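1. Sequence below, structure please.
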Amino acid sequence: MQSNVHRTRPSVFSSTVRLTCPLLVQAIDQLEQSGYIQVLNKQLQLNQSLQNEFKSINARHKRMRSALIGSDGLEELQKYYSDSVLKCIMESGILGLTRVDDVKCLHAHVADELCTGMNVFGRMVLGEIGHAQSGVSQCWQMCDPDHSPTDETWWTHSAKQKQGKLMQRRKLELQHQGKSV
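-> As a prediction, the model looks like this:
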């Protein structure tokens, strides 16, 4: 007897943390566009202390990924992924990094710093953009899909992250329903 149940390959994300605050995402997008990743990579290349910190960050994320997946999860993943792919997944650091000379994504480092308080690159980025980690009094406006911006309310136009895309979709739905946005 053949089963109608189809097994779907489980997804494994390279990142163990994700930055969702639209204020921070927008500010960090601008910082990345200005070339700040290259600035940090140059500092990383020249500073042994930063290299040690980066190795520590990556080792911590490797441990975190292993703990999140667990032995049962690993067993399940072995049904769908080759040994070489699994090794790459399980041996990688923050954002799935295997290299130790490229910080890659400032958003992930800030997310890690906000979650753990143990990411020097995230601290450097937060210091560079000058944003308060607690946000501003209007932050809720970006995260509430039922809130429509007015001239008096704060709004960001970044849609890089999933939340921004969901907000754009919700605004379009409201427009199609004839509600002002």
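2. mean confidence for stretch 103-123?
-> For stretch 103-123, the mean per-residue pLDDT is 94.
3. From the chain's centroid, how far away is that stretch?
-> Here stretch 103-123 shows a centroid-to-chain-centroid distance of 9 Å under the convention C-alpha atoms, centre = their mean, to the nearest Å.
4. how about it: buried residues?
-> Residues of stretch 103-123 classed as buried: 103-114, 119-122 (neighbour count, 16 or more other C-beta atoms under 10 Å). Placement of C-beta: from N, CA and C, glycine included.
5. how near is residue 110 to residue 118?
-> Counting by C-beta to C-beta, to the nearest Å, the separation of residue 110 from residue 118 is 13 Å.
6. coming back round to it: the buried residues of stretch 103-123 in strands, which ones?
-> Residues of those located in strands (DSSP state E): none.
7. any idea how far residue 81 is from residue 110?
-> 29 Å.
8. sorry, that was for residue 71
-> Residue 71 is 31 Å from residue 110, by C-beta to C-beta.
9. same check, this time on residue 63
-> Looking at residue 63 against residue 110, where the rule is C-beta to C-beta, the gap reads 20 Å.
10. Equivalent analysis for residue 97, please.
-> Counting by C-beta to C-beta, the separation of residue 97 from residue 110 is 15 Å.
11. What is the biggest helix by length in the chain packed up against?
-> Across the chain, the longest stretch assigned as helix under DSSP state H is helix 48-77. Where contact means 3 or more C-beta pairs under 8 Å, 6 or more residues apart in numbering; DSSP states H and E, helix 48-77 is packed against helix 36-46, helix 83-91, helix 106-116, helix 120-129.
12. Contacts for the third one next, please.
-> Meaning helix 106-116. Helix 106-116 is contacted from outside by 15, 17-19, 24-25, 28, 31-32, 36-37, 40, 57, 60-61, 94-95, 103, 118-119, 121-123, 125-126, 133, using C-beta atoms under 8 Å, 6 or more residues apart in numbering.
13. okay, stretch 73-83 in PDB with CA atoms only?
-> C-alpha atoms of stretch 73-83 as PDB (Å, rounded to 0.1, in the frame of the first residue of the first chain):
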ATOM      1  CA  GLY A  73      16.500  17.000  14.600                       C
ATOM      2  CA  LEU A  74      19.900  15.900  13.200                       C
ATOM      3  CA  GLU A  75      18.600  12.400  12.700                       C
ATOM      4  CA  GLU A  76      15.700  13.800  10.700                       C
ATOM      5  CA  LEU A  77      18.000  16.100   8.600                       C
ATOM      6  CA  GLN A  78      20.200  13.100   7.800                       C
ATOM      7  CA  LYS A  79      17.200  11.700   5.800                       C
ATOM      8  CA  TYR A  80      17.200  14.700   3.400                       C
ATOM      9  CA  TYR A  81      20.800  16.100   3.300                       C
ATOM     10  CA  SER A  82      24.100  14.600   2.400                       C
ATOM     11  CA  ASP A  83      26.800  14.300   5.000                       C
END
